[in-house]
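Chemist: coords please:
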Amino acid sequence: MACTSTRPLPGSPLPEDARLGRTELLAELARLRGDNHKLARINAALIERIESGVSQGNDPYTTFQHSVVLAEQVRERTDALNQAMAELRASNHLLINARLRAETLRREQAAAQKAQESERWIRLITDHVPALIGYLNADLVYEFTNKVYEQWYCWPPGMMLGQSLREVHSEQHCQRLDAYVARALAGESVTFEFAETNINNQERYMLRSYVPNRLATGEVVGIFVLIRDITERRRTAEALHQAYQNLEQRVAQRTSELTALNDQLLKEIDERRRMETRLREAKREAEQANLSKTKFLAAVSHDLLQPLNAARLFTGALLERREPQANETLVRNVSNSLEDVENLLGTLVDISKLDAGVIKADIAPFALSELLDNLAAEYTELARSEGLELHFIGCSALVHSDIQLLARILRNLLSNAIRYTYSGRVVLGCRRQHQRLSIQVWDSGMGIAEERLEEIFQEFKRGDVQRRDQDRGLGLGLAIVEKIAGILGHRISVKSVPGKGSMFAVEVPLSATAPKTLPVPSMSEPMLERLQGARVWVLDNDAAICAGMRTLLEGWGCQVVTALSEQDLAGQVDNYHAEADLLIADYHLDNDQNGVDAVARINARRGRPIPALMITANYSNELKQQIREQGHTLMHKPVRPMKLKTAMSHLLGKGRRGQAPDGGLSASSCID
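Modeler: Below is the predicted model of the structure:
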């Protein structure tokens, strides 16, 4: 908007009167300083004369007269000097005021120039905006208009400034705007549109926005005006509306033609729709059942081989024991574990047939201690490896159930309790309830919200919080528990408090019939050549496998380091520099890692690579080829101790001689 000022620009000369006044003041100041200096010299001379007259010893009267004259002269000169000093101070004051006025003028000139530059910049921007921009003061007088505004209303540049709204527009046009202007002056932002024609008969649809300009007090002192040309948009909207009207008309016409035909087909279509709905539902259920079974069978293959592998390792460790009493205890624990896991294989593979009713429970009486003692011995070590305590309350009651299926239920409950408990303990015990016995597993874990107590028994559902070093699984455990409990006719119950823990229980009927006891088979002891003192690293994400492997290999005289992950191993030894003779790695590790890649990373930074034995449940040819190309030995689960010992012996012999032994296994052998 227009802006004028009489203030001088920076760098320009001062006004003539200011410049002359300053020159005169400087000249007067110089004159007064000269007079002051002159009077000071005269005063000093008079004082010197008085002092010299006294010292010369003249006549006292003459000296007195001379002193009086000199004193009068000193007084006159002093008065003149004081007057000169007063004039000098006044001149200084005038000079300071002149300087202040000059500085004020320069500042005002700089501010005016800055305002002019800002105005030129704003106008440059607004002149290139494809919209009409203006500003009206409270009296509806134009104080700013951009170039587009002036061109649309055909006004010369700058001529609209100072003109009122009614001077620029016709009375009819102003009447159309009055209501909106009044609302804007009342403090309301207004947006509206209508068609208008300028003096060149150009008709366009214009979208107007009036925004009030308020002071800090809330008073409206003007209106910002923004006008945009929406003619093309309006025409497009009208064309679309017309097309829509035509389309509706055509649709209505076609609908009328088809109504009669549709009435005849409605009954048939409805019947077919119901039939198709039933078929789709049946197909969906069949596909869902098939998908669940497929996922189940794929998942359990690895889960089942893990405990079986651990049991095989415990059995191998048992065969190396020489103490009779230790062997007796270890035989009982490991033999029962192996028997349970082997039964578990058949049970879980057949779980997929439960819906078809193929699996039948083998109900028989047995001493519950036969099952619980073995489970307690097995899971005590597992709990200890996780930093937990398993508290077992023994029970000698006789129950009536399928020992294999019941063992699977309790294994799942114990595994879950350890998996979802960070610290504290897990309790395994029983409570008699009339003619039934409640076998309960308590934990001090994170607990389960009440609304999820039913959801956790669904397939592929698992808890949110688990132990970091536990295999998370696929969420099949409690689904299997519920299915097996249904076959056995046992009731499963659960109680949980978030943040405190959970209790899972299975109720079994008591039995008055004593079970038959079975003899415990004896084992033989293998040889221990080549393995004495061998430094062996074991990498497996299953804590039970690590514990079993450590027991077995230490029984063979090996120095064993077990780790759940590559990072865990690095925390115990220097992966890249520590001496090692053999690395045994499971192919499936946590976090989408695998043993082949882990061994490759470890050996890549070692001067002498460690011979590796890969263990897996994957029988694919692709994996065999991959391991063969890496030069490793492959062994499939379940691991048999004798074959493990043979493979280790050959790999250690190769490592010590730098080549494969004659007639032995090569580094890329596959052991089934």
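
Chemist: Residue 34 is in contact with residue 88, correct?
Modeler: No. Judged on Cβ atoms under 8 Å, residue 88 makes no contact with residue 34 at a distance of 10.8 Å. Yep, even glycine has a C-beta here, placed from its N, CA and C like the rest.

Chemist: who's more crowded, those two?
Modeler: Taking other Cβ atoms under 10 Å, residue 88 and residue 34 do not tie; residue 88 has more neighbours (17 against 11).

Chemist: which non-adjacent residue is nearest the more buried one?
Modeler: residue 32 (4.4 Å; Cβ to Cβ, 6 or more residues apart in numbering).

Chemist: Now the element after the helix or strand hosting that neighbour, going C-ward?
Modeler: Here residue 32 is covered by helix 16-56, with elements defined by DSSP states H and E. Once helix 16-56 ends, the next helix or strand along the chain (criterion: DSSP H and E) is helix 60-127.

Chemist: what's the spacing between that next one and its chain's center?
Modeler: Computed by Cα atoms, centre = their mean, to the nearest Å, the chain-centroid distance of helix 60-127 equals 71 Å.

Chemist: now the next helix-or-strand element following that helix against helix 60-127, angle please.
Modeler: As assigned by DSSP H and E, the chain's next helix or strand after helix 60-127 is strand 132-137. Using axes from the mean of the first three to the mean of the last three Cα atoms, to 10 degrees, the direction of strand 132-137 lies 130 degrees away from that of helix 60-127.

Chemist: ok, back up a step: how many other residues sit next to the residue nearest to residue 88?
Modeler: If you count neighbours by other Cβ under 10 Å, residue 32 ends up with 20.

Chemist: gap between it and residue 92?
Modeler: Distance of residue 32 to residue 92, computed by Cβ to Cβ, to the nearest Å: 10 Å.

Chemist: cool, residue 276 as well?
Modeler: Residue 276 sits 109 Å away from residue 92, going by Cβ to Cβ.

Chemist: can you check residue 638 too?
Modeler: Counting by Cβ to Cβ, the gap from residue 638 to residue 92 is 110 Å.

Chemist: Ok, residue 514 next?
Modeler: 128 Å.

Chemist: And these two? Which one has more around it.
Modeler: Per other Cβ under 10 Å, whichever of residue 514 and residue 92 has more neighbours is residue 92, with 13 against 10.

Chemist: For the closest residue to the more buried one other than its chain neighbours, which residues are in contact?
Modeler: Excluding its sequence neighbours, the residue lying closest to residue 92 (Cβ to Cβ, 6+ apart) is residue 29, at 7.2 Å. Shown in contact with residue 29 (Cβ atoms under 8 Å, 6 or more residues apart in numbering): 88, 91-92, 95.

Chemist: Apply 7 Å and report the result again.
Modeler: 88, 91, 95 (Cβ atoms under 7 Å, 6 or more residues apart in numbering).

Chemist: give me every residue that touches the first one.
Modeler: Going back to what we said before, that points to residue 88. Residues in contact with residue 88 (Cβ under 7 Å, 6+ apart) are 29, 32, 36.

Chemist: Provide the backbone phi and psi angles at residue 194.
Modeler: The phi/psi pair for residue 194 (degrees, to the nearest 10) reads phi -160, psi 160.

Chemist: Which strand residues bridge it?
Modeler: Beta-bridge partners for residue 194, by DSSP bridges, are residue 206.

Chemist: Next, count neighbours for it.
Modeler: Neighbours of residue 194 under the rule other Cβ under 10 Å: 12.

Chemist: can you offset everything so residue one is 41?
Modeler: That works, and once the first residue is 41, the last one we named lands at residue 234.

Chemist: Could you check how far it is from residue 213?
Modeler: 10 Å.

Chemist: Ok, residue 575 next?
Modeler: Separation of residue 575 from residue 213 (Cβ to Cβ): 99 Å.

Chemist: With residue 160 instead?
Modeler: Applying Cβ to Cβ, the value for residue 160 to residue 213 is 31 Å.

Chemist: ok, the two, which is more surrounded?
Modeler: The neighbour count for residue 160 versus residue 213, taken as other Cβ under 10 Å, is higher for residue 213 (14 against 10).

Chemist: Find the nearest non-adjacent residue to that one, please.
Modeler: Here the nearest residue to residue 213 in space, its sequence neighbours aside, is residue 236; by Cβ to Cβ, 6+ apart that works out to 6.8 Å.

Chemist: And for residue 424?
Modeler: Distances taken as Cβ to Cβ, 6+ apart put residue 430 closest to residue 424, at 7.6 Å, once the chain neighbours are dropped.

Chemist: can I assume that neighbour is in contact with residue 418?
Modeler: No. The criterion here is Cβ atoms under 7 Å, and residue 430 misses it with residue 418 at 9.7 Å.

Chemist: and the host helix or strand of residue 451, how far from the chain's centre?
Modeler: For residue 451, the host element (DSSP H and E) is helix 443-459. Its chain's average C-alpha position is 36 Å from that of helix 443-459, according to Cα atoms, centre = their mean.

Chemist: Skipping its backbone neighbours, what lies nearest residue 420 in space?
Modeler: Nearest residue to residue 420, sequence neighbours excluded (Cβ to Cβ, 6+ apart): residue 430, at 4.6 Å.

Chemist: Now do the same for that neighbour: its pLDDT.
Modeler: Per-residue pLDDT puts residue 430 at 93.

Chemist: Could you confirm the residue nearest to residue 213 falls within a strand?
Modeler: Yes. Counting by DSSP: H, G, I helix; E, B strand; the rest coil, residue 236 falls inside a strand.

Chemist: Is it in contact with residue 246, as I believe?
Modeler: Yes. Applying Cβ under 7 Å as the test, residue 236 and residue 246 come out as touching, 5.8 Å apart.

Chemist: list residues touching both of those two?
Modeler: Jointly contacting residue 236 and residue 246 under the rule Cβ under 7 Å, 6+ apart is no residue at all.

Chemist: Leaving out sequence neighbours, find the closest residue to residue 579.
Modeler: Spatial nearest neighbour of residue 579, chain neighbours left out: residue 625 (4.2 Å); criterion: Cβ to Cβ, 6+ apart.
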